[in-house]
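Engineer: Need a 3D model of the sequence below.
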Amino acid sequence: QGPGHPGLPRLAHDIAYLWLEEGHYAHALPVFMATLSKVGEGERPVVLGSVGRAAAGAGDVSGYEWARQQLLDAPPGPGVAESWVDLARAAARLGRSADVEEAAQLAEAIARSRKEGQIRLLAESILSEIGDEVAVRAPVTVGTDNRSDRLARDLLRALQGSSYAPRTPAGV
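Structural biologist: Numbers count the residues shown, from 1 in each chain. As a prediction, the model looks like this:
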């Protein structure tokens, strides 16, 4: 059905998430940003966590900080604790140990209050590693992948073709 299809933002997020997991941060970040204004308030925290991880992977500190600030304003509902786990991972990638600890503590507290056991365990494992040195990984350098480039452009074009305009913070 094209750009107006209601499932497009979810599909775009899922594709960008695969890119995120594979280290294709430059492809994932703009797609996450474009989907942010297209998802409901309940899905927004999950996208913000993805934005933070992609921005950190791409070395975009201002994008990471923007996502972190947006998530601080989110009420502790579904997906918020998981998003804080994502931001703890993002902070670790950037070498920001204080942010890692804060994000993991927030994730653990929200997960505990919402009885989200699996997310609570993830947050606790991050907190237990804080005593050790936080493992910082360099951004993955990925060669040009023309198919991913084309797909990213097509997804962005389709997302921008709907009646909503994506909100993009400065520097992202």
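
Engineer: drop to CA atoms for contacts and neighbour counts, all remaining ones
Structural biologist: Noted.

Engineer: and the residue nearest the centre of the chain, what element?
Structural biologist: Nearest to the mean C-alpha position of the chain, by CA atoms, centre = their mean, lies S50 at 1.1 Å. Secondary structure from DSSP states H and E places S50 in helix 44-57.

Engineer: Determine how far whichever helix or strand comes after that helix lies from the middle of the whole chain.
Structural biologist: Next along the chain after helix 44-57, taking DSSP H and E as the criterion, comes helix 61-72. Computed by CA atoms, centre = their mean, to the nearest Å, the chain-centroid distance of helix 61-72 equals 10 Å.

Engineer: ok, now stretch 108-120?
Structural biologist: In this view, stretch 108-120 has its centroid 19 Å away from the chain centroid, taken as CA atoms, centre = their mean.

Engineer: Buried ones in it, by neighbour count?
Structural biologist: For stretch 108-120, a neighbour-count test (16 or more other CA atoms under 10 Å) marks 108-112, 116, 119-120 as buried.

Engineer: got the contact list for P75?
Structural biologist: Contact analysis of P75 by CA atoms under 8 Å, 6 or more residues apart in numbering lists nothing.

Engineer: Distance of it relative to S83?
Structural biologist: P75 is 12 Å from S83, where distance means CA to CA, to the nearest Å.

Engineer: do R44 as well
Structural biologist: R44 sits 10 Å away from S83, taking CA to CA as the criterion.

Engineer: out of the two, which sits in the busier spot?
Structural biologist: The neighbour count for R44 versus S83, taken as other CA atoms under 10 Å, is higher for S83 (28 against 21).

Engineer: could you point out where the chain is predicted with low confidence?
Structural biologist: Within the chain, the ranges that satisfy pLDDT under 70 run 1-2, 131-147, 160-172.

Engineer: Might one say that G57 is in contact with E22?
Structural biologist: No: here G57 does not reach E22: they are 10.7 Å apart, not a contact under CA atoms under 8 Å.

Engineer: Which one of these two is surrounded by more residues?
Structural biologist: Higher neighbour count among G57 and E22: G57, with 28 against 12, using other CA under 10 Å.
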